[in-house]
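Chemist: Generate coordinates for the sequence data below:
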Amino acid sequence: MTTIVNKVWPEGYVEANGIRMHYWRTGDGRKAPVSPEGGKPALVLCHGFSDNGLCWRPIAQMLEDDFDIVMVDARGHGLSDAPETGYTTADRADDVAGVVKALGLAKPAILGHSMGASTAAAAAAQYPDLFGKVLLEDPAWFAEGSRRQATTDEERAAWNKERHDRIIEQKQMTKEALIAMCRQNSPTWQEAELDAWAESKQQLSPHVVGGTESKPRPWQEIAAAITVPTLLITASNEKGGIVTPEIAAAAKALNPKIEVVLINDAGHNIRREATAAYIKVVKRFLDV
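Modeler: Numbering: from 1, shown residues only. The predicted structure is shown next:
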């Protein structure tokens, strides 16, 4: 198992899409972010639901020698603003595009997990000239007719209330209790994952459940609209992966710029469950 040194990089805020967005940035890996005019190519990381930017820390430490990495806290997550509304995938796509523009990043690559992967895909589709490459770790792309797609308004409301109550419950837990819970529920995760994961649950705003009140733009439209090289990283459905082989094949058929890689030894949290295989395919796609 890879050992990760506990380090934190410079942080900052930008105004983007009408709110204040927080980010961590590796920059030159020593003192301060590199200037937009030169230095390492930029890589933007978008975390999953209920996580924060620093939940990328183990991966960022493996990539910071080659990239100026920007780890964004999504709205309602981490230290970014938590407005009462605006939690759709399209809203988050506008947010991350605003961060890229505010920081003056030139054609960065963008890598996202789960909710963050859906955000990255939507941002690339909505802003075709903004990104150089797109990497999607098991985005929330569900099959037509699946239970997630076919939920009634009443079922969706009940699910949102359950999520809301769970967020409140976890915000009231100590970090130590959250770490113990994560260690028990995810025994294959390395210890370096646990601190940021626990902190993210304490930071999470209950407002974030609002984005699930309406159905998002179909993933097929988003996949077809991406104009740059894209890597779709999928996992074992038996272990909890969302994207099925059928969805992956359909995405590739819709857009020849999409490459699919299956990491069968992991579930939904691919980078946390199969780190070595994950970083290998990411580096290969990014030409590292």
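Chemist: my guess is residue 197 contacts residue 54, does it?
Modeler: No: in this structure, residue 197 is not within contact of residue 54 by C-beta atoms under 8 Å, at 9.2 Å. Every C-beta, even on glycine, is put in place using the N, C-alpha and C of the backbone.
Chemist: As a check, name the ranges of all strands in the stretch 101-250 of the chain.
Modeler: Taking DSSP state E, counting those that start in this stretch, the strands of the stretch 101-250 of the chain run over residues 109-113, 134-137, 230-235.
Chemist: quick one: strands adjacent to the second one?
Modeler: So that's strand 134-137. Using DSSP bridges, strand 134-137 pairs in its sheet with strand 109-113 (parallel), strand 230-235 (parallel).
Chemist: How about residues contacting it?
Modeler: 109-114, 116-117, 120-121, 124, 226, 228-233, 270-271, 278, 282, 285-286 (C-beta atoms under 8 Å, 6 or more residues apart in numbering).
Chemist: what do you get for the first one?
Modeler: With C-beta under 8 Å, 6+ apart as the test, strand 109-113 has contacts from 41-48, 51, 67, 96, 118-121, 123-124, 131-139, 269-271, 282, 286.
Chemist: Kindly report the same for the longest one.
Modeler: Contact partners of strand 230-235, identified using C-beta under 8 Å, 6+ apart, comprise 121, 124, 133-139, 241, 243, 245, 248, 251-252, 255, 257-264, 266-268, 270, 273-274, 278, 281-282, 285.
Chemist: Out of these, list just those in helices.
Modeler: Within the contacts of strand 230-235, residues falling in helices by DSSP state H are 121, 124, 245, 248, 251-252, 270, 273, 278, 281-282, 285.
Chemist: tell me the two of the residues you listed that are most distant?
Modeler: In those, two members sit farther apart than any others by C-beta to C-beta. They are 124 and 273, at 25.4 Å.
Chemist: higher neighbour count, those two?
Modeler: residue 124 (27 against 21; other C-beta atoms under 10 Å).
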